[in-house]
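Undergrad: Structure here, sequence nowhere to be found:
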């Protein structure tokens, strides 16, 4: 009996050490965004141990009218990283209201998340037009749960992330921080009925009359020809 007690005295501290050193965290990083524009929001996971995971969920808070973008069928748009095959993962997303979203990602064929660090998935955020440049807003991740392969639910600490509001110049239709021929061609495409994701109406409407036409394109040409 004493032998078993001594054995447990050795094993239990090792198990406790293993659990405490298997640190895992889920975080978010937002690209700079501007009034009326859009940018990427990257969700990442770091796992310092050897445990394997096959799914995750979290609640996401976006402040001051920022929203996640949707496609033509009102489905939220996102991409998975190369830590697993896109075709093997599914995400279910619900708008909880007041800036909160619930996200759950899983695989019906039990695909594992590869690697110990890096992005898991990327969303596109859309900002309202009534903003002030140079503000810094705060987003949040909470109720973060990871599904370990053995069926255990692993809770992660909540976290916050900054969203920097920047400004760009009129005519910078694709928010590249530069006005060039690509902006002109995006306006031409818009006038011809082809609207690309990079096209930002607010910065194409050069005379602020609520209409984008070829006159706005010519104004952008004029900016390009006369800039230093």
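TA: The structure has been received and is ready for your questions. Given the structure is predicted, the values throughout are model-derived calculations rather than measurements. Numbers count the residues shown, from 1 in each chain.
Undergrad: only C-alpha atoms for contact and neighbour calcs from this point on.
TA: Fine.
Undergrad: Against residue 104, how distant is the most centrally placed residue in the chain?
TA: Computing the C-alpha centroid of the chain and ranking residues by C-alpha atoms, centre = their mean puts residue 41 first, at 1.9 Å. As judged by C-alpha to C-alpha, to the nearest Å, residue 41 and residue 104 stand 16 Å apart.
Undergrad: pLDDT at the residue nearest to the centre of the chain, what is it?
TA: For residue 41, the model assigns a pLDDT of 96.
Undergrad: before we move on, what about residue 169?
TA: Looking at residue 169, the pLDDT reads 78.
Undergrad: Let me know the secondary structure of it.
TA: The assignment at residue 169 comes out as coil when based on DSSP: H, G, I helix; E, B strand; the rest coil.
Undergrad: so who does it touch?
TA: Counting by C-alpha atoms under 8 Å, 6 or more residues apart in numbering, residue 169 makes contact with 177, 203.
Undergrad: Phi and psi next, for it.
TA: Here is the backbone geometry of residue 169 (degrees, to the nearest 10): phi -100, psi 150.
Undergrad: what do you get for residue 225?
TA: Phi and psi for residue 225, reported as degrees, to the nearest 10, are phi -70, psi -20.
Undergrad: burial count for it?
TA: Residues near residue 225, counting by other C-alpha atoms under 10 Å, number 10.
Undergrad: List the contacts of stretch 186-204.
TA: 36-37, 169-175, 208, 212-214, 216-217.
Undergrad: Wait, a helix at residue 63?
TA: No: looking at residue 63 with three-state DSSP, it is coil, so not inside a helix.
Undergrad: so it touches residue 141, yeah?
TA: No: if you go by C-alpha atoms under 8 Å, residue 63 and residue 141 don't touch, sitting 11.9 Å apart.
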